[in-house]
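Trainee: Below are the sequence and a predicted model for it; my questions follow.
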Amino acid sequence: MSTATTTRTYTAAVIGVGKVGGGGPKGGGHAIGYQHATMHKAHPRVQLVGGADINAENLKAFQDKFGVPHGFSNHKTMLNELKPDLVSIGTYVGLHRRMIEDAARAGVKGILCEKPFMNSPADLKAVERIAEETGVKIVVCHQRRYRPAFERARQLYNDGTVGKPLLCTAGVGGWDLSEWGSHWLDMFRFFHLDQPVKWVFGQARVRETRGYGHAMEDHAVAYFEFENGSKGLLDGGQEIDGWTLTLLGTTGVIRVKNEAVVTVENGSGRTVEDFSAHPRHNALWHEMLEELLLWIEGGPATRCGHPTMFKSSELNLAAYLSAVKGDRIDLPLSAELQAFNEWPVEALARRKN
Ligand SMILES: NC(=O)c1ccc[n+]([C@@H]2O[C@H](COP(=O)([O-])OP(=O)(O)OC[C@H]3O[C@@H](n4cnc5c(N)ncnc54)[C@H](O)[C@@H]3O)[C@@H](O)[C@H]2O)c1
């Protein structure tokens, strides 16, 4: 990873600081805002100056824990009064577009926005526009792109170690394609060097479940093809080999277990590399922030930067749109689908099963 050569400093603020006391297995309460605060406070060039949250109890607990001097019940007031350089957005997906637009219009230079990134294709288009208009740099928190084990798997998948790439697959037990699955959809794109996805098939069983402010599926699948013919298959609901990502090639297979252990089986035998004690294994949040600062200072767009993250979000939404339409969705999205203006799982939830 590159490191800074300047001493330029930044102020930072968090919108949606995180719920006090945790939450259920689905439906929020992970207080990811605390992770953002920890990240900002640990960075030598960043000063955490404020937090905004509509819940006064959450806001007070956050300010007390991290010694944050300024708290606001309204994020726009905070943006106008503090004029922070950086903003973290730790709210649910349905609020992201508005908060990004507000931050960008207030002159914020860099935004770290939680996943799932966008609520709808229409929101995605709007955020693309605001990024173009204002030059704001947006990072989406698919921080796993910085795990050394995933970097290693990506290298091995593309250097011929297992032949030609055929299929990346994983299953997230008890979760979905977006609140958890979006990380793996993004990781499959990372393993495929972010090449374009040509088409997506998705299907979803949606009943009564709600969480993170939106309808959630009980079980869903996404199956898609990259430009080079290799496929991705994600099961949102049922595990496949525990917490393992499997990368199949024509002459072998790579497995990444628990985000740390990389196993290769090919014609030369079996090798295992364990990255859990690697010095960068837990540096992912710091590296994501550091690269954002370098991007703001004129460096290249980061691996979690909006030019590639728009594509991960589009893939995520397209899997649901496939279920809505009952058809394969070809990417990039058609003009008709780019105008689709709600979380697609809401459309599925309205159907009587
Ligand atoms: N990157 C990761 O690995 C990771 C991990 C956990 C959660 N997340 C994501 O983070 C997001 C938040 O999840 P969580 O479980 O931390 O949520 P949470 O419920 O702990 O916190 C959300 C906070 O947003 C506040 N909020 C709601 N509406 C607001 C508004 N209009 N203005 C300001 N604040 C508002 C709530 O009061 C609450 O404090 C989700 O999208 C989730 O998928 C990402």
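Mentor: Perfect, thanks for sending it.
Trainee: going forward, measure contacts between C-alpha atoms and count neighbours the same way
Mentor: OK.
Trainee: Please report the distance of the residue in the stretch 251-353 of the chain that the ligand sits nearest to from E227.
Mentor: Here the residue of the stretch 251-353 of the chain nearest the ligand is W285; by C-alpha to the nearest ligand atom that distance is 9.3 Å. The gap separating W285 from E227 is 30 Å, by C-alpha to C-alpha, to the nearest Å.
Trainee: And these two? Which one has more around it.
Mentor: Legend: neighbour count by other C-alpha atoms under 10 Å for W285 and E227, higher for W285 (20 against 13).
Trainee: Following the chain past the longest helix along the chain, name the next helix or strand.
Mentor: For the chain, the longest helix by residue count, based on DSSP state H, is helix 306-325. For helix 306-325, the following helix or strand on the C-terminal side (DSSP states H and E) is strand 329-330.
Trainee: residues in contact with F340?
Mentor: Each residue near F340 by C-alpha atoms under 8 Å, 6 or more residues apart in numbering is listed here: S120, P121, A122.
Trainee: Just the residues you listed: which are in helices?
Mentor: Using DSSP H, the contacts of F340 in helices are P121, A122.
Trainee: Show me which of the contacts of F340 is closest to the ligand.
Mentor: S120 (13.9 Å).
Trainee: Would you enumerate the residues in contact with the closest one?
Mentor: Neighbours of S120 in contact, by C-alpha under 8 Å, 6+ apart: L317, F340, N341, E342, W343, P344.
Trainee: Of the residues you listed - the most surrounded one?
Mentor: Going by other C-alpha under 10 Å, L317 tops these with 27 neighbours.
Trainee: And the pLDDT for that residue?
Mentor: pLDDT, L317: 98.
Trainee: Any buried residues in stretch 187-201, and which?
Mentor: 187-192, 194, 196-201 (16 or more other C-alpha atoms under 10 Å).
Trainee: out of these, who's nearest the ligand?
Mentor: Of the buried residues of stretch 187-201, the one sitting nearest to the ligand (C-alpha to the nearest ligand atom) turns out to be M187, at 12.7 Å.
Trainee: which element is the closest one on?
Mentor: Here M187 is assigned to helix 181-191, by DSSP H and E.
Trainee: quick check: angle from that helix to helix 306-325?
Mentor: 120 degrees (axes from the mean of the first three to the mean of the last three C-alpha atoms, to 10 degrees).
Trainee: elements contacting helix 181-191?
Mentor: helix 148-158, strand 165-173, strand 231-237, helix 306-325 (3 or more C-alpha pairs under 8 Å, 6 or more residues apart in numbering; DSSP states H and E).
Trainee: and the helix or strand just after that helix, how far out from the chain's middle?
Mentor: Next helix or strand after helix 181-191 toward the C-terminus (DSSP H and E): strand 197-205. In this view, strand 197-205 has its centroid 18 Å away from the chain centroid, taken as C-alpha atoms, centre = their mean, to the nearest Å.
Trainee: Now for the residue of the stretch 201-350 of the chain at minimum distance from the ligand, how many residues are close by?
Mentor: As assessed by C-alpha to the nearest ligand atom, the ligand sits closest to Y212 within the stretch 201-350 of the chain, at 6.3 Å. Using other C-alpha under 10 Å, the number of residues around Y212 comes to 15.
Trainee: wait, what's in contact with it?
Mentor: Contacts of Y212 (C-alpha under 8 Å, 6+ apart): K26, G27, G28, Y92, V93.
Trainee: Flag the shaky bits of the chain, pLDDT-wise.
Mentor: Scanning the chain for pLDDT under 70 picks out the ranges 1-5, 352-353.
Trainee: now T251: how far from H96?
Mentor: 43 Å.
Trainee: Now render the helices and strands packed on helix 181-191 as JSON lines, adding distance to the ligand.
Mentor: Output for the helices and strands packed on helix 181-191, formatted as JSON lines (distance: least, C-alpha to the nearest ligand atom, whole Å):
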{"stretch": "helix 148-158", "distance to the ligand": "15"}
{"stretch": "strand 165-173", "distance to the ligand": "14"}
{"stretch": "strand 231-237", "distance to the ligand": "14"}
{"stretch": "helix 306-325", "distance to the ligand": "13"}
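Trainee: List the contacts of the nearest residue to V108 once chain neighbours are set aside.
Mentor: Closest residue to V108 apart from its sequence neighbours, by C-alpha to C-alpha, 6 or more residues apart in numbering: D85 at 4.9 Å. Contact analysis of D85 by C-alpha under 8 Å, 6+ apart lists Y10, T11, A12, G107, V108, K109, G110.
Trainee: swap in H278?
Mentor: So H278 contacts P148 (C-alpha under 8 Å, 6+ apart).
Trainee: and it, which of the three is it?
Mentor: Using DSSP: H, G, I helix; E, B strand; the rest coil, the structure places H278 in coil.
Trainee: Next, find the distance separating it from I254.
Mentor: To I254, H278 is 19 Å away according to C-alpha to C-alpha.
Trainee: okay, now G305: neighbour count?
Mentor: 22.
Trainee: ok, so what distance separates the closest residue to it other than its chain neighbours from H30?
Mentor: Nearest-residue entry for G305: V139, 4.5 Å, with adjacent residues in sequence omitted and distances by C-alpha to C-alpha, 6+ apart. According to C-alpha to C-alpha, V139 and H30 sit 20 Å apart.
Trainee: Which one of the two is surrounded by more residues?
Mentor: Between V139 and H30, counted using other C-alpha under 10 Å, V139 has the larger neighbour count: 28 against 18.
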